[in-house]
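A.B. asks: Sequence and predicted structure below; questions after.
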Amino acid sequence: MNYRKKSLEEIPEEDTSIWSCTDESCKGWMRDNFAFEHEPTCRLCESPMVRASKMLPILNNSNGDLKAIKKGVQID
């Protein structure tokens, strides 16, 4: 009766640089390569964030360095 059970494939993980929320009651975090600012604030509670690392599945960001993207339009 196990004909529906699929074998689970191992997902490769690596030690990933993240930003973690400093508020004890908030569980917010984000990958560093998906952050828009050099020192981001938490999107959930607006608290400052600190650098940390976490074992996460490998995920490639095809947008490149999001921190280098200019925000807004300069008006002369």
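C.D. replies: Received it, and whenever you're ready, just let me know what you need.

A.B. asks: In a strand, residue 61, correct?
C.D. replies: No. Using DSSP: H, G, I helix; E, B strand; the rest coil, the assignment for residue 61 is coil, not a strand.

A.B. asks: what's around it, how many residues?
C.D. replies: 11 (other Cβ atoms under 10 Å). Yep, even glycine has a C-beta here, placed from its N, CA and C like the rest.

A.B. asks: nearest residue to the residue sitting nearest the centre point of the chain other than its sequence neighbours?
C.D. replies: Note on the chain: the residue nearest the mean C-alpha position is residue 31, at 2.0 Å, using Cα atoms, centre = their mean. Closest residue in space to residue 31, ignoring its immediate chain neighbours: residue 18 at 5.6 Å, by Cβ to Cβ, 6 or more residues apart in numbering.

A.B. asks: Following element in sequence after the strand or helix carrying the one you found, please.
C.D. replies: According to DSSP states H and E, residue 18 maps onto strand 13-21. Downstream of strand 13-21, the next assigned helix or strand under DSSP H and E is strand 29-31.

A.B. asks: Can you spell out which helices and strands pack onto that following strand?
C.D. replies: strand 13-21, strand 49-57 (3 or more Cβ pairs under 8 Å, 6 or more residues apart in numbering; DSSP states H and E).

A.B. asks: Give the rounded mean pLDDT of the first one.
C.D. replies: For strand 13-21, the mean per-residue pLDDT is 93.

A.B. asks: isn't residue 40 right up against residue 49?
C.D. replies: Yes. At 5.3 Å, residue 40 and residue 49 qualify as touching, with contact defined as Cβ atoms under 8 Å.

A.B. asks: Between these two, point out the one with more neighbours.
C.D. replies: Using other Cβ under 10 Å, the more surrounded residue of residue 40 and residue 49 is residue 49, with 22 against 17.

A.B. asks: which residues does the residue lying closest to the more buried one once chain neighbours are set aside bridge with?
C.D. replies: Among residues not flanking residue 49 along the chain, residue 19 sits closest, at 4.1 Å (Cβ to Cβ, 6+ apart). Residues in a beta bridge with residue 19, per DSSP bridges, are residue 30, residue 51.
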